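In: fold the following, please.
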Amino acid sequence: MAGRKVRLRPVAVDDAELLELWQSPEYVGEFNVFGVKGRPVRERIEENGLVTSEGGTLIVALQPNHKPIGSVSWRGVRYGPNPQSVAWNIGINLIPEARGRGFGTEAQRLLAAHLFATTPVNRIEASTDVENVAEQRALEKAGFVKEGVLRGAQYRPGGWHDLVVYACVRETP
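Out: From the prediction side, this is the model:
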């Protein structure tokens, strides 16, 4: 999946060290610090390439040199008991020097197009802290529509935070 500025590519074992580094607070920024440690990244990459039927992660790389600058991810969210009521919730994390340059907008647009093309979901959503105005602008530019605020929905070190929810739905012919 390639755009003008960035391309999305599968995660490779060689990316494990970089992804571990990008999980540190100085890389994720104030809105993505959760204090959660999972299994080692290399182990998870070797197991499934960080893509399963429940979600996944791809590397965001610059065009044309393919330098990795971050990652995008998605996970299923249920809005009913049937399989048709699953939506994808997406997220992005760019290294500090890649922020504010339009890369996130294009990466999220590419990811949404990819998920609509390769899965049957009708809805793709993203949420961000109410104070993360840059990400709100990026989502709007990527074609997502602001739907509302989830009060006290996310806990990060320091307390509970309100989130703004954005979504796009599959276009019907």
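In: could you use CA atoms for every contact and neighbour count after this?
Out: Noted.
In: residue contacts, Leu111?
Out: The neighbours of Leu111, taking CA atoms under 8 Å, 6 or more residues apart in numbering as the test, are 8, 72.
In: list the buried residues of the helix or strand hosting it.
Out: Secondary structure assignment for Leu111, by DSSP states H and E: helix 103-118. Of the residues in helix 103-118, 103-112, 115-116 count as buried by neighbour count, 16 or more other CA atoms under 10 Å.
In: from the residues you listed, which two are the most distant?
Out: Distances among these were taken as CA to CA; the most separated pair is Phe103 and Phe116, at 20.1 Å.
In: can you tell me, leaving aside adjacent residues, what's nearest to the residue nearest to the spatial centre of the chain?
Out: For the chain, Gly91 is the residue whose C-alpha lies nearest the centre (CA atoms, centre = their mean; 2.0 Å). Nearest non-adjacent residue to Gly91, counting by CA to CA, 6 or more residues apart in numbering: Ser73, 5.2 Å away.
In: the one you found against Gly56, yeah?
Out: Yes: proximity of Ser73 to Gly56 meets the contact threshold set by CA atoms under 8 Å, at 5.4 Å.
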